[in-house]
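Visitor: predicted model follows, preceded by the sequence.
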Amino acid sequence: MFGRLVVVGLGLIGGSFAKGLREKGLFREVVGVDLDLESRRVAVELGVVDRCEEDLSAACVGADVIQLAVPILAMGKLLMALAKLDLAGAVLTDVGSAKGSVVRAAELAFAGLSLRFVPGHPIAGSEQSGVEAANGQLFRRHKVILTPLPQVDAAALTLVDRLWRELGADVEHMQVEHHDQVLAATSHLPHLLAFGLVDSLAKRSENLEIFRYAAGGFRDFTRIAGSDPLMWHDIFLANREAVLRTLDAFRDDLDALRGAIDAGDGHQLLGVFTRARVAREHFSKILARRAYVDAMDNNDLIYLAQPGGSLSGRIRVPGDKSISHRSIMLGSLAEGTTEVEGFLEGEDALATLQAFRDMGVVIEGPHHGRVTIHGVGLHGLQAPPGPIYLGNSGTSMRLLSGLLAAQSFDSTLTGDASLTKRPMNRVAKPLREMGAVIETAAEGRPPLVIRGGQRLSGMNYQMPMASAQVKSSLLLAGLYAAGETAVTEPAPTRDHTERMLRGFGYPVSVEGSTAAVESGHKLTATQIEVPADISSAAFFLVAASIAEGSELLLEHVGINPTRTGVIDILKLMGADISLENQREVGGEPVADLRVRAAKLKGIDIPEELVPLAIDEFPVLFIAAACAEGRTVLRGAEELRVKESDRIQVMADGLLALGVKCEPTPDGIIIDGNAVSGAIGGGEVHSHGDHRIAMAFSVASLRASAPIRIHDCANVATSFPNFLGLAAQVGIRVSEEVQA
Ligand code: S3P
């Protein structure tokens, strides 16, 4: 318990600070000071303070903490008055929106800085003002920035930090100049523009017309022009230098936009608009360091899957993830404009798209799966303005590292918590052999720092594991490396990169298990139609197989032979799947898949099928749990380094539902039970892995009780409308409504 808190200036911010701390009971008394009699009266009446004083010294002498919450231009005078008092050990702090001017005023007043002064700035303004609006909860979940000087008294800093935390604020520390620059850009400039625009339009003779027809855009953009003019007048005068710097930079950008309009340069305009459109969302995702999903405050998105049901109907699942990634990469490196249809608007592919926008490529869309990429050619990428954030997407990180190793600029690749745990040496090591300079965090984990300006040389690489990502990464580096780059795989893996390079007119030689490229050619823009993703279709192949009475048609599914292991494995287990209307679309084979319920039996999964079904094992394990007899998987240790350790995480979930199984270092043994309801209900955890979440949703079809699946937000990385399509065909899974 402390002695006395004094708050000088009983407006919204000062009043809320006083009220919140008074409610917490941390001080024996809370005293307000204000020049306005009415504010003093109301503050006592509303319980904002215990008592008020008109006279500064009567309140402040003997105080423990003095909070300065007066308008920013009044700070200088107030600090001068305080410097004349004997404040003994009182801690001083303030709430001014610009910090440099307050710090200078304090230095002047105290002839050198008071070591017990801790400048602060709560970012919690609102349209309301005055002590009448004081609210002890105002700062909850709001940022408060403290800008202590290096020589500050540590105990004073700790105390001010603690007081704000007691009020529920997120406290951060920053340097004074940095604070003022950041606020100039994020708050002061927008207010200046809003005030300026409204005034500029209001002055014109046709102003009535303008305001009569002002639609949402004008209203939204200018809402903040309703803010307190006097307060903002103070802020601009107090933060003059920082505001001028940010205003000048903005004026240059505005001139560039004017120039583009004048010159009819639509490309320049599109570049600015397409980047800006997603920038806000993009940056908030990076700040949250999560995948590109909107989990709001709730990190644990729970799926509740009700037992039973059967499937019917026809659906088209979203576009292929692997092909979507590659369409953006190769489209960006091509000369000319590439049109993509069927693009997966999932968070992983969007991460790739954003990465290329960050490197200066103008990309329109996605809109209903259509994307238009204005290619910049193999040598046209520009240095990104900062680290490239790839969310949950391993494919983006591995493929991009090959491409970026060959650029003239440096780059840094980061991702969310799951991606940060995944092994990157599998690409970093061979790329270094080609001459790349790549730094990783411990044990080859992200972030990756890639040094530009290296001359790469081609090589013959024998891949130690069957990985299409590693193969693709090296082939992309090979587009720039001297001579030939050849990659030999121990088993066939998806060949979308090779096919698509050819689609863009780039020669690729494939002989046996070796794919090779030579530098010196170019990519020419093309049209790409992305087929539906067989990895997403797999959930429905298993669902319709295990749910009695089901018949389902999955339209336009990619059946590239390097991806159809799931169909082969299910057929070996006795599934009834037929391929209809087989055709080739843009270099990739496609078919409609008809699947009917069938009695499944356990099998020994042939090892050569493992790389061809590598992403489908979580749901194949569900099929095995519903099959009669034992299923054994071997040679699948790669599953342990996917978005989660898919062997362990699936085994944990299956055991929780009463399925007999045993994980092994490179696979799993599952003792299935074909009796309906043999899977129990219960709680399972997806560990943020999209495919685990969807696999257990499918398990509910044969469960005896509801299954609650935790941590499902990442389903949006590969299958944004999974719940919608699942419900449409008869799987009873939905988001659990939080109480
Ligand atoms: C992918 C390759 C596979 C797969 C991933 C996508 C690709 O990874 O699991 O979902 O697009 O190249 P590996 O190369 O690690 O096997």
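Guide: That came in fine, so what should we check first? Since the structure is predicted, the reported quantities are computational estimates derived from the model, not experimental observations. Numbering: from 1, shown residues only.
Visitor: next, the contact list for the residue in the stretch 51-200 of the chain positioned nearest to the ligand, please.
Guide: Nearest residue of the stretch 51-200 of the chain to the ligand (C-beta to the nearest ligand atom) works out as Asp170 at 35.7 Å. Any C-beta I mention is one placed from the backbone N, CA and C, and that applies to glycine too. Neighbour list for Asp170: 141-144 [criterion: C-beta atoms under 8 Å, 6 or more residues apart in numbering].
Visitor: so this structure: which segments form each domain?
Guide: 2-174, 181-264, 303-315+531-735, 321-528 (automatic domain parsing).
Visitor: columns mean pLDDT on top of those, output as JSON lines?
Guide: Shown next, in JSON lines, are those (pLDDT from 0 to 100):
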{"stretch": "domain 2-174", "mean pLDDT": "94"}
{"stretch": "domain 181-264", "mean pLDDT": "89"}
{"stretch": "domain 303-315+531-735", "mean pLDDT": "97"}
{"stretch": "domain 321-528", "mean pLDDT": "97"}
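Visitor: any chance of those in a markdown table, plus distance to Leu287?
Guide: Compiled in a markdown table, the domains of the chain are given as follows (distance: least, C-beta to C-beta, whole Å):
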| stretch | distance to Leu287 |
| --- | --- |
| domain 2-174 | 11 |
| domain 181-264 | 13 |
| domain 303-315+531-735 | 16 |
| domain 321-528 | 10 |
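Visitor: any idea which of those domains gets closest to His282?
Guide: domain 321-528 (5.6 Å; C-beta to C-beta).
Visitor: report whether the closest one contacts the ligand.
Guide: Yes - contact of domain 321-528 with the ligand (C-beta under 6 Å from any ligand atom) involves 322, 395, 467-469, 472, 494.
Visitor: what residue in the stretch 301-450 of the chain comes nearest to the ligand?
Guide: Nearest residue of the stretch 301-450 of the chain to the ligand (C-beta to the nearest ligand atom) works out as Ser322 at 3.2 Å.
Visitor: number of nearby residues for that residue?
Guide: By other C-beta atoms under 10 Å, the residues close to Ser322 number 29.
Visitor: show me how to select, in ChimeraX, the buried members of the contacts of Asp170.
Guide: In ChimeraX syntax, the buried subset of these is picked out as below (16 or more other C-beta atoms under 10 Å):
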select :142,144
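Visitor: in strands, which of the contacts of Asp170 fall?
Guide: Of those, the ones assigned to strands by DSSP state E are 143-144.
Visitor: ok, back up a step: which of the helices or strands spans the residue of the stretch 301-450 of the chain closest to the ligand?
Guide: For Ser322, the host element (DSSP states H and E) is helix 321-333.
Visitor: go ahead and confirm Arg140 touches Trp164.
Guide: No - between Arg140 and Trp164 there is no contact under C-beta atoms under 8 Å: 10.7 Å.
Visitor: higher neighbour count, the two?
Guide: Taking other C-beta under 10 Å, Arg140 and Trp164 do not tie; Trp164 has more neighbours (23 against 13).
Visitor: assumed Arg422 was part of a helix.
Guide: No - going by DSSP: H, G, I helix; E, B strand; the rest coil, the assignment for Arg422 is coil, not a helix.
Visitor: thinking it is in contact with Glu443, fair?
Guide: No - if you go by C-beta under 8 Å, Arg422 and Glu443 don't touch, sitting 10.6 Å apart.
Visitor: near the ligand, which residues of the stretch 501-650 of the chain?
Guide: So the stretch 501-650 of the chain meets the ligand at 614-615, 638 (C-beta under 6 Å from any ligand atom).
Visitor: put the buried members of those into a PyMOL selection.
Guide: Those of these that count as buried under 16+ other C-beta under 10 Å are selected in PyMOL with:
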select buried, resi 614+615+638
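Visitor: which stretches of the stretch 151-300 of the chain form helices?
Guide: Along the stretch 151-300 of the chain, the segments classed as helices by DSSP state H, counting those that start in this stretch run 154-166, 176-183, 189-203, 207-213, 216-221, 229-238, 240-263, 266-288.
Visitor: C-alpha coordinates for the longest one, CSV please?
Guide: This points to helix 240-263. Output of helix 240-263 as CSV, limited to C-alpha atoms (Å, rounded to 0.1, in the frame of the first residue of the first chain):
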residue,chain,number,x,y,z
ARG,A,240,6.9,19.3,-34.8
GLU,A,241,10.0,17.6,-36.1
ALA,A,242,8.7,14.1,-36.2
VAL,A,243,5.5,15.2,-37.8
LEU,A,244,7.4,17.1,-40.5
ARG,A,245,9.6,14.1,-41.3
THR,A,246,6.6,11.8,-41.8
LEU,A,247,4.6,14.4,-43.6
ASP,A,248,7.5,15.0,-46.1
ALA,A,249,7.8,11.3,-46.8
PHE,A,250,4.1,11.1,-47.3
ARG,A,251,4.1,14.2,-49.6
ASP,A,252,6.7,12.4,-51.8
ASP,A,253,4.4,9.3,-52.0
LEU,A,254,1.4,11.5,-52.8
ASP,A,255,3.3,13.3,-55.5
ALA,A,256,4.3,9.9,-57.0
LEU,A,257,0.6,8.9,-57.0
ARG,A,258,-0.3,12.2,-58.6
GLY,A,259,2.4,11.6,-61.2
ALA,A,260,1.0,8.1,-61.9
ILE,A,261,-2.5,9.5,-62.5
ASP,A,262,-1.1,12.2,-64.7
ALA,A,263,0.9,9.8,-66.7
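Visitor: quick one: that helix to helix 229-238, angle?
Guide: 100 degrees (axes from the mean of the first three to the mean of the last three C-alpha atoms, to 10 degrees).
Visitor: before I go, just wanted to say thanks for your time.
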